[in-house]
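A.B. asks: no FASTA, just this:
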């Protein structure tokens, strides 16, 4: 394939050599790998994977998911429930006779329901963001692995070419040495047959 100046396109040549397709037939990821190989640039971590572009609400959702999905939260919440029950049953109920949420703790159930109703979608938002980030990371990993595989294929081809050249040079050298040896043998044989003066 030639560009508008009539010169060959190295990306197209490389795509044909390594993947057996024209550059235009490649997927966007394959094109980026071919471009990186042509530019001989390191893969590195993609900019969109390094950048923390989360909004305040997304960072808050991630924080809620991190706290809400931890053993520390479960332990602290268990302590809170024990204090709530102990305060209402023993301290305020038995000694003062005026618990603010008597057994069966209807107000506590209302609070827990509200907490669950708010916490579940916030955790799901965080998980969806994490899944999207994981997909981007997987695509980047695929790109790096594809590049490594293609670079290894190129190295194999170069090594095979070098080996072929070395074998050709060795055969040429051996042929020349053999011809010199034959010439010397013929010369020595000619001297033996020559009459002695």
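C.D. replies: It's in. Please read these numbers as outputs of a predicted model, since none were measured by experiment.

A.B. asks: Please name every helix or strand in contact with the longest helix that the chain contains.
C.D. replies: If you go by DSSP state H, the chain has its longest helix at helix 106-193. Applying 3 or more Cβ pairs under 8 Å, 6 or more residues apart in numbering; DSSP states H and E, one finds that helix 106-193 makes contact with helix 10-19, helix 28-39, helix 47-50, helix 56-68. The way it works is simple: take the backbone N, C-alpha and C, and place the C-beta from them, glycine included.

A.B. asks: repeat that for 6 Å
C.D. replies: helix 28-39, helix 56-68 (3 or more Cβ pairs under 6 Å, 6 or more residues apart in numbering; DSSP states H and E).

A.B. asks: most packed of those helices?
C.D. replies: With neighbours taken as mean count of other Cβ atoms under 10 Å, those reach their highest mean count in helix 28-39, at a mean of 17.

A.B. asks: Tell me what angle that helix forms with helix 10-19.
C.D. replies: 110 degrees (axes from the mean of the first three to the mean of the last three Cα atoms, to 10 degrees).

A.B. asks: tilt between helix 28-39 and helix 106-193?
C.D. replies: 40 degrees.

A.B. asks: Show me what helix 28-39 is packed against.
C.D. replies: Secondary elements touching helix 28-39 (3+ Cβ pairs under 6 Å, 6+ apart): helix 10-19, helix 106-193.

A.B. asks: So for residue 57, which of those helices sits nearest?
C.D. replies: With Cβ to Cβ, the closest approach to residue 57 among those belongs to helix 106-193: 8.5 Å.

A.B. asks: mind checking how far the closest one is from the chain centre?
C.D. replies: How far helix 106-193 lies from its chain's middle: 14 Å, per Cα atoms, centre = their mean, to the nearest Å.

A.B. asks: related to what we said a few turns ago, so which of the helices and strands packed on helix 28-39 gets nearest residue 92?
C.D. replies: Closest to residue 92 of those, according to Cβ to Cβ: helix 106-193, at 12.7 Å.

A.B. asks: Show me what the helix or strand encompassing residue 78 is in contact with.
C.D. replies: Following DSSP states H and E, one finds residue 78 within helix 71-86. Identification of contacts with helix 71-86 by Cβ atoms under 6 Å, 6 or more residues apart in numbering yields 67, 108.

A.B. asks: Now do it and helix 56-68, the angle between them.
C.D. replies: Going by the same axes, to 10 degrees, helix 71-86 makes 70 degrees with helix 56-68.
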